[in-house]
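> Generate coordinates for the sequence data below:
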Amino acid sequence: MFPIIVITDSKRNSKKIEHDNIIDIPTPENYSHHAASIFLKTGLHKFLPPGKTYCYLDSDVIALSEEVNSIFDFKPEPILFASDHCTMQRFSPYAVNCGCAEKTKEEITQLESEIKKHNPFFHSEKLQENNYFREFHRIAISIRNNPIKGLRLAIRFLCFLYFTHKKYFRLNQNIRYNRKNKTWIDNKDNAILFHVLNYYKKIEKESPFRFRFLKMSWVNKSGKNVYNCSCEHLSEAIKNKFNVHITDNNWQHWNGGVFLFSDISHNFLETWHQWTLQAFEDPYWKTRDQGTLIATVWKFKLNKKQRLQKKFNFIADYYNPENTYCEGKGFTYDNFRTAFNPCFIHVYHQFGNKNWEIWNAIENITGIPYHE
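You can find the predicted model right below:
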């Protein structure tokens, strides 16, 4: 058995923590709760007894099997993390105040205001609760990643539209297209998606946005996917602030939700901690720990180091339809090109969402219903 230690600043908690092994650490009073949690996380080497190997878990990480203890079969040397679900370029706008995230959000708002004029189902709550909505988007992503498959489907669909009088076009056993109302529906005739064919020409006429069918995506006047927010400002900020040169801006960075550490991790953790505190004082840096984690990894030349397997930090992303669960297959982040039975699952948003197949699987596996 491995004891579980809770590290907290009890004066910040809204509820008392019921546990028999708590270390209470006062955090700087001027810090927000978010900054205080990062202070504790990056300062673990200061608060825990030496001489042991520890596994850190974010509070949104859930154990799904007894195999979790096998993480201690690995050696930190000097520290061990799993990969994040995105690359550094995609994370960059959310790590520093470069304005890229805000610019993308503004562009998305502009596009979606146009879509709402012509799409009666856009962002409909009832529609999003339909599991076939996510299935449809998994198929769309698969098509986008496979242009040949997309071209074949496009030809089939165009033949249906212009050379037949059939009422329905069947995408798969669960989803079909209704010619009459130009809507994708399930087998019970519930709306899944109001097809972009119904309105894309109107939007293209009234705005600078264009729809690309083979990639199933909206692009701006520069030809960039409107929903693809990425930049290189984080690597520039790391170079300017910490004199660390990152040679691969599209590097797959580490995720801080789960990591293994011991006494030999001290120098790494101390650098991460101090650089994070420095970033707190710099208005250009957002209150995060991953930007300074990236800087620390590259300072210690660990960017090519072997990582924890995904099963020890399976990241659940509600907004990625390819990230799903199927009984008998397990969990996947790529629509079952690979599949996992995770030891730890990291639910970093939509925690407790019972309209999400991944959350329902978590409750079924653990046998513990979620109560706020």
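> Hmm, Glu77 is touching Ile264, no?
Yes: under the criterion of Cβ atoms under 8 Å, Glu77 makes contact with Ile264 at 6.9 Å. All C-beta atoms are positioned from the backbone trio N, CA, C, and that covers glycine.
> Other residues contacting whichever strand or helix holds Tyr56?
Secondary structure from DSSP states H and E places Tyr56 in strand 54-57. Residues outside strand 54-57 that contact it (Cβ atoms under 8 Å, 6 or more residues apart in numbering) are 2, 5, 41, 44, 48, 71-72, 257-262, 344.
> Out of these, which is nearest to Leu214?
If you rank the contacts of strand 54-57 by distance to Leu214 using Cβ to Cβ, Gly257 comes first, at 35.3 Å.
> On the C-terminal side of the strand or helix carrying that closest one, identify the next helix or strand.
Assigned by DSSP H and E, Gly257 belongs to strand 254-261. Counting by DSSP H and E, the next helix or strand C-terminal to strand 254-261 is helix 266-280.
> What residues of that following helix count as buried?
By neighbour count with 16 or more other Cβ atoms under 10 Å, helix 266-280 contains the buried residues 268-269, 271-273, 275-277, 279-280.
> Which one (most neighbours) among the contacts of strand 54-57?
Within those, Phe259 tops the neighbour count with 27 neighbours, counted by other Cβ atoms under 10 Å.
> can you pull the contacts of that residue?
Phe259 neighbours (Cβ under 8 Å, 6+ apart): 55-56, 79-82, 308.
> again, only using 7 Å
56, 79-81 (Cβ atoms under 7 Å, 6 or more residues apart in numbering).
> now the longest helix belonging to the chain: how far from the chain's centre is it?
The longest helix of the chain (DSSP state H) is helix 100-118. Put simply, helix 100-118 sits 21 Å off its chain's centre (Cα atoms, centre = their mean, to the nearest Å).
> Export stretch 32-42 to CSV, keeping only CA atoms.
The C-alpha coordinates for stretch 32-42 follow below in CSV (Å, rounded to 0.1, in the frame of the first residue of the first chain):
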residue,chain,number,x,y,z
SER,A,32,-5.3,33.9,-5.9
HIS,A,33,-6.5,30.4,-5.1
HIS,A,34,-5.2,29.2,-8.5
ALA,A,35,-1.7,30.7,-7.9
ALA,A,36,-1.7,29.3,-4.4
SER,A,37,-2.3,25.8,-5.7
ILE,A,38,0.5,26.2,-8.2
PHE,A,39,2.8,27.4,-5.4
LEU,A,40,2.1,24.2,-3.5
LYS,A,41,2.4,22.0,-6.6
THR,A,42,5.8,23.3,-7.7
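> ok, back up a step: show only the entries of the contacts of Phe259 found in strands.
56, 79-81 (DSSP state E).
> hmm, back to that, measure how the strand holding Gly257 sits relative to helix 266-280, angle-wise.
If you take axes from the mean of the first three to the mean of the last three Cα atoms, to 10 degrees, strand 254-261 sits at 140 degrees to helix 266-280.
> Direction included, what does the strand holding Tyr56 pair against?
Counting by DSSP bridges, the strands paired with strand 54-57 are strand 254-261 (antiparallel).
> now the strand it pairs with: mean pLDDT?
In this model, strand 254-261 has a mean pLDDT of 98.
> One more: stretch 355-371?
Rounded mean pLDDT across stretch 355-371 is 92.
> Could you shift the numbering so residue one becomes 36, and keep it that way?
Got it, the first residue is 36 from now on, which makes the last one we talked about stretch 390-406.
> any idea how the protein splits into domains?
Following automatic domain parsing, the chain resolves into domains at 41-132+268-401, 135-254.
> Of all these, which one is nearest Glu407?
Glu407 lies closest to domain 41-132+268-401 among the domains of the chain, at 6.7 Å (Cβ to Cβ).
> Kindly check the end-to-end length of the closest one for me.
By Cα to Cα, to the nearest Å, the extent of domain 41-132+268-401 from end to end equals 21 Å.
> just stretch 125-136 next, same as before
Criterion Cα to Cα; first-to-last residue distance in stretch 125-136 is 10 Å.
> Could you check how far that stretch is from the centre of its chain?
Relative to its parent chain, stretch 125-136 has a centroid offset of 15 Å by Cα atoms, centre = their mean.
> Quick check: mean pLDDT of that stretch?
On average, stretch 125-136 scores 98.
> May I see the buried residues of that stretch?
Neighbour counts over stretch 125-136 (16+ other Cβ under 10 Å) mark 125-131, 133, 135-136 as buried.
> Any chance of those in TSV with secondary structure and distance to Ile400 as columns?
Shown next, in TSV, are the buried residues of stretch 125-136 (DSSP: H, G, I helix; E, B strand; the rest coil; distance: Cβ to Cβ, whole Å):
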residue	secondary structure	distance to Ile400
Arg125	helix	29
Phe126	helix	29
Ser127	helix	35
Pro128	helix	34
Tyr129	helix	30
Ala130	coil	33
Val131	strand	38
Cys133	coil	40
Cys135	helix	38
Ala136	helix	34
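> before we move on, the earlier item: and which of the ones in strands among the contacts of Phe294 is nearest to Thr331?
Out of the ones in strands among the contacts of Phe294, the member with the shortest distance to Thr331 (by Cβ to Cβ) is Ile114, at 9.3 Å.
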